[in-house]
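Student: just the structure for this:
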Amino acid sequence: MKTAIISSDSSEKHFTGDGHPEQPKRVLSIKNKLKKRKDIVWEQPKIVPEDILVMTHSRDYIDNLKNSFPQSGIKFLDGDTVVSPGSKKAVFDAAGSTIKAIDGIEKNKFKNAFCLARPPGHHAEKNKAMGFCCLSNAGIATNYLISKYKYKRIACVDFDVHWGNGNYDVMRNNKNALYISTHQYPFYPGGGTDKDKGDFNNSLNIPLPAGTNSDQYLNAFDRVLDRLVEYKPDFLIFSAGFDAHKDDPLAQFELSSKDFYEITKRTLNATNRFTQGKVVSILEGGYDLNALAESANEHVNALIEF
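Tutor: The predicted structure is shown next:
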């Protein structure tokens, strides 16, 4: 079986205004890098069941979000989270890409999947949009796995350079989920320290200083692998942000594109005996277009090899 890329043209119609770093060209740059590959299949998102949305976010938040998209122009949901008329479909397609990914894996239509969608999701809390994010796509995937397929031990590994406060918020009280994040600290959005352990000791944060290079990062990443082996997940989710790249304009890590292959490969090597290769990866950050495309391609290379 092949690796699936779950994507929709709606991602390209989520306009955020001139100069905004979370722009349609992010998805297009990755699509252009992947489009000639013969070892992947392309799939469209599905609709997220309403009960999964309100299992992840509050009912009031979901209702308010659905009514927040403008008929014209752009609208700020917070200081940097911008939506426009095409954003509603993009937001719900991004979440729906995880549903298609999970169903396809469970039905043996493909072996694993990369959700190539925007906006990202790991900053969206139960009751709040922030940091370019409207829905916790990883949180939605986690709850769908639990609700429909009865998974008990889901691990989410978030290697975006920013702490995924939203992922943490929607998973912290979930006894069937482990959330792990490596991130620059101190940095946006704040938090992500040893104090943020989750209600069931189900969160591991590895804050690292600005200037962290490849060797330093990969050495620290051993702690992620150790925790995963201890946890023995039966399904793996990546919150795959590529803004730890040395060329990214929004952070100060010094990773190379090839490092994202290593991160992915090492994680899969550590978990494959528990997950049987069941992996869904979800695009988060990454704002230098060339670095983003190269890094995502390396990530997909590792997914394909398994």
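Student: and the helices in the stretch 201-306 of the chain?
Tutor: With DSSP state H, counting those that start in this stretch as the definition, the stretch 201-306 of the chain shows helices at residue ranges 214-231, 257-275, 289-305.
Student: isn't Y168 right next to S203, touching?
Tutor: Yes: A contact is recorded between Y168 and S203 when judged using CB atoms under 8 Å, the distance being 6.0 Å. No exception for glycine: its C-beta is placed from N, CA and C like everyone else's.
Student: quick check: angle from the strand ranked longest in the chain to helix 257-275?
Tutor: In the chain, assigned by DSSP state E, the strand with the most residues is strand 177-184. Computed with axes from the mean of the first three to the mean of the last three CA atoms, to 10 degrees, the direction of strand 177-184 lies at 160 degrees from that of helix 257-275.
Student: by contact count, what packs against strand 177-184?
Tutor: Contact analysis of strand 177-184 by 3 or more CB pairs under 8 Å, 6 or more residues apart in numbering; DSSP states H and E lists strand 154-158, helix 165-171, strand 203-208, helix 214-231 as its packing neighbours.
Student: nearest to G191, of those?
Tutor: Comparison of these against G191 by CB to CB identifies helix 165-171 as nearest, at 5.7 Å.
Student: where does this structure have low pLDDT?
Tutor: The chain contains no residues with pLDDT under 70.
Student: look up how far Y149 lies from K107.
Tutor: Remark: distance between K107 and Y149 (CB to CB, to the nearest Å) = 11 Å.
Student: and these two? Which one has more around it.
Tutor: Using other CB atoms under 10 Å as the criterion, K107 and Y149 rank with Y149 on top: 14 against 8.
Student: does the more buried one touch D103 like I think?
Tutor: No: if you go by CB under 8 Å, Y149 and D103 don't touch, sitting 9.1 Å apart.
Student: more neighbours: which of Y168 and S203?
Tutor: Higher neighbour count among Y168 and S203: Y168, with 26 against 21, using other CB under 10 Å.
Student: ok, that one - contacts?
Tutor: The contact partners of Y168, taken as CB atoms under 8 Å, 6 or more residues apart in numbering, are Y179, S181, G191, G192, D196, G198, S203.
Student: for it, give its distance to A177.
Tutor: Counting by CB to CB, the gap from Y168 to A177 is 10 Å.
Student: check G241 too.
Tutor: Here the distance between G241 and A177 works out to 19 Å (CB to CB).
Student: still on that earlier bit, which of the contacts of Y168 lies closest to N213?
Tutor: S181 (18.9 Å).
Student: next, count neighbours for that closest one.
Tutor: Counted with other CB under 10 Å, residues neighbouring S181 total 28.
Student: how far away is Y188 from H14?
Tutor: Y188 sits at a distance of 21 Å from H14 (criterion: CB to CB).
Student: and V229, by the same measure?
Tutor: The spacing between V229 and H14, counted by CB to CB, is 38 Å.
Student: now do the SS call for V54.
Tutor: Local secondary structure at V54 is given as helix here, using DSSP: H, G, I helix; E, B strand; the rest coil.
Student: with adjacent residues omitted, what lies nearest to it?
Tutor: The spatial neighbour of V54 that comes closest, neighbours along the chain excluded (CB to CB, 6 or more residues apart in numbering), is I62 at 5.8 Å.
Student: and that neighbour, how many neighbours?
Tutor: The local packing count at I62 equals 16, with neighbours defined by other CB under 10 Å.
Student: can you tell me the helix or strand for it?
Tutor: Take DSSP states H and E as the rule and I62 turns out to sit in helix 59-66.
Student: buried residues in the host helix or strand of I146?
Tutor: Per DSSP H and E, I146 falls inside helix 137-149. Taking 16 or more other CB atoms under 10 Å as the basis for neighbour counts, the residues of helix 137-149 that come out buried are N137, A138, G139, I140, A141, T142, N143, Y144, L145, I146.
Student: now swap in stretch 156-174 and tell me
Tutor: Residues 156-172, 174 are the ones in stretch 156-174 that count as buried (16+ other CB under 10 Å).
Student: using CSV, list the CA coordinates for stretch 213-226.
Tutor: C-alpha atoms of stretch 213-226 as CSV (Å, rounded to 0.1, in the frame of the first residue of the first chain):
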residue,chain,number,x,y,z
ASN,A,213,21.0,23.0,16.1
SER,A,214,20.5,19.6,14.5
ASP,A,215,22.7,17.6,16.9
GLN,A,216,21.3,19.2,20.0
TYR,A,217,17.7,18.7,18.8
LEU,A,218,18.2,15.1,17.8
ASN,A,219,19.9,14.3,21.2
ALA,A,220,17.0,15.9,23.0
PHE,A,221,14.5,14.0,20.8
ASP,A,222,15.7,10.8,22.4
ARG,A,223,13.5,11.7,25.3
VAL,A,224,10.5,11.7,23.0
LEU,A,225,11.5,8.2,21.8
ASP,A,226,11.9,6.9,25.3
